[in-house]
Each structure stands twice: as structure tokens, then as C-alpha cells.
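Student: Quick one: sequence and predicted model below, then my questions.
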Amino acid sequence: MAHHTLTTILVILALTHASLAFSFRGLDKRACSDSMACLVRVPMLVDLIEKDFAGALLPLTYEPVLDFLCGQRENITGCLTDVHCEETEHKYTGGAVLELLDYACNSGRADLLEERACISRDDFEEGILQCAGILRIESDLTLTQKLAWLGDNSCQTIDNMYKCVETSTEHVCSGRAARLMGQIYRTIMREVAQDAECEQDHF
């Protein structure tokens, strides 16, 4: 999810929650700063969610790294439970980190470790970058339509990225790898999709 793809989607959602964000602005800055401090030990997960989906995913395929991240899960969960950040980007980043850790440390662990060869391929990363580029264009169009009161295609934009990630990964690697990437994407986008009131079965 390269070059702030999640951030682009969150800009769209932020328009929906603008009045709420304004109400919390005074008290929220410290809370949101605290929420990001909770994630200081897992910068690669923050990068994966906010910046570089493909490049930041590779470290998770190494067992010692994955073990370290999983060992941080309880502390991160407790830390984030104690802060209440309503600032859109930070709120979703914290939630997505917890969702990703829950998946990667449990049902997704074996597949992550087994798909290292796929995730380390240059053409895998290139495919994800192409998906992110398409998403940026669609997100810009969605934002323009929303500002012009022409409807909201946020859910379709999210769904298109999901399909692109799966299709690209299957083309480069395998069906199993595609299902893994699709599940990771669903995991980190679940709260965003729910807040956008998406009805797709994917999330």
C-alpha cells in the first residue's frame, strides 16, 4: 500500500467525520501523540499500513522478526486501550496494527513464513505498486465526487484495491499467496471499510 494509500482513503472518510474531529481537536492532539507512542516499537507495521505495503511486508516473513512483533502485541494492545484518539489517520493506524498482529501471530503466521520467496520478488512489489497507483487515481476521483456531492464511491475504491492486490499476486506467485495478500489487505482495511459502511463480503 505504497505512498500513503491508506492516508488517501482516510482523507475521504475524514470529510464524513469533520464535525466530530473539530469537537475533539483540543483534547485529541495529546491522545493521538500517545497512540503513536504506543507503536514506537513496531515502526515497520506503521510503515506497512501508512506508506509501503509491499516493501514493509518482507520483514514479517522472517521468523525472529515475526516472533519479536508478536511479543509486543499484549503491550501495544494495553497501551492503545488507554488512549482515545479520534484523529482519523492515527485512529485507524492503531486499529490496523492490532488487527494485523492478531492475524500474523495466529492464523496467518504459517502462510507468511512460507510465502517469503513470493514477497521478496521484485515483480511482486511492482504489482502492488501498480495497484497503489490505480488506487490513488480512483481515490482522487472519489474525493472530487464527494466534494461535489456526486455520491461516495469509497467502498468501490477499497474493493477495487483488494481485487487488484489478489489478482496481481496470483499472476506473479500463486493462488495461496494471493489469498494471503487479500487477507492481509482485508485485515488492515476492515475498520476503514466498516466506518465507510461498506457492505462487501470481503471485509
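Tutor: Perfect, I can see it now. Since the model is a prediction, treat every value here as computed from it, not as a measurement.
Student: contacts, neighbours, all on C-alpha from now
Tutor: Fine.
Student: any idea which helix is longest in the protein?
Tutor: helix 122-147 (DSSP state H).
Student: Okay, buried residues for that one please.
Tutor: The neighbour-count check on helix 122-147 (16 or more other C-alpha atoms under 10 Å) flags 123-125, 127-133, 135-136, 138-139, 141-143, 146 as buried.
Student: just stretch 69-84 next, same as before
Tutor: Those would be 69, 70, 73, 76, 77, 79, 80, 83, for stretch 69-84 by 16+ other C-alpha under 10 Å.
Student: got TSV for those, with secondary structure, distance to residue 175 and pLDDT too?
Tutor: As requested, the buried residues of stretch 69-84 are exported to TSV (DSSP: H, G, I helix; E, B strand; the rest coil; distance: C-alpha to C-alpha, whole Å; pLDDT from 0 to 100):
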residue	secondary structure	distance to residue 175	pLDDT
69	helix	26	92
70	helix	26	93
73	helix	29	90
76	helix	32	89
77	helix	32	88
79	helix	37	86
80	helix	35	82
83	coil	39	75
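Student: what's the average pLDDT for the longest helix of the chain?
Tutor: Averaged over helix 122-147, pLDDT sits at 79.
Student: Give the other helices and strands that that helix contacts.
Tutor: Here helix 122-147 touches helix 5-16, helix 154-172, going by 3 or more C-alpha pairs under 8 Å, 6 or more residues apart in numbering; DSSP states H and E.
Student: what's the angle between that helix and helix 154-172?
Tutor: Computed with axes from the mean of the first three to the mean of the last three C-alpha atoms, to 10 degrees, the direction of helix 122-147 lies at 170 degrees from that of helix 154-172.
Student: Off-centre distance for helix 122-147?
Tutor: 14 Å (C-alpha atoms, centre = their mean, to the nearest Å).
Student: now swap in stretch 170-182 and tell me
Tutor: For stretch 170-182, the distance to the chain centre is 18 Å (C-alpha atoms, centre = their mean).
Student: quick one on the thing from earlier: weakest of the helices and strands packed on helix 122-147 in terms of mean pLDDT?
Tutor: Among the helices and strands packed on helix 122-147, helix 5-16 carries the lowest mean pLDDT, a mean of 46.
Student: Now residue 113: closest residue in space that isn't a chain neighbour?
Tutor: Spatial nearest neighbour of residue 113, excluding adjacent residues (C-alpha to C-alpha, 6 or more residues apart in numbering): residue 61 at 4.6 Å.
Student: which residues touch the one you found?
Tutor: 112, 113, 114, 115, 116 (C-alpha atoms under 8 Å, 6 or more residues apart in numbering).
Student: Checking residue 65 next. Helix, strand or coil?
Tutor: Under DSSP: H, G, I helix; E, B strand; the rest coil, the three-state class of residue 65 is helix.
Student: What is the burial count for it?
Tutor: By the measure other C-alpha atoms under 10 Å, the count of residues near residue 65 is 12.
Student: ranking the contacts of residue 61 by neighbours, who comes first?
Tutor: Of all those, residue 112 has the most neighbours under the rule other C-alpha under 10 Å, reaching 25 neighbours.
Student: out of everything not next to it in sequence, what's closest to that one?
Tutor: In this structure, residue 112 finds its nearest non-sequential neighbour in residue 61, 5.3 Å apart by C-alpha to C-alpha, 6+ apart.
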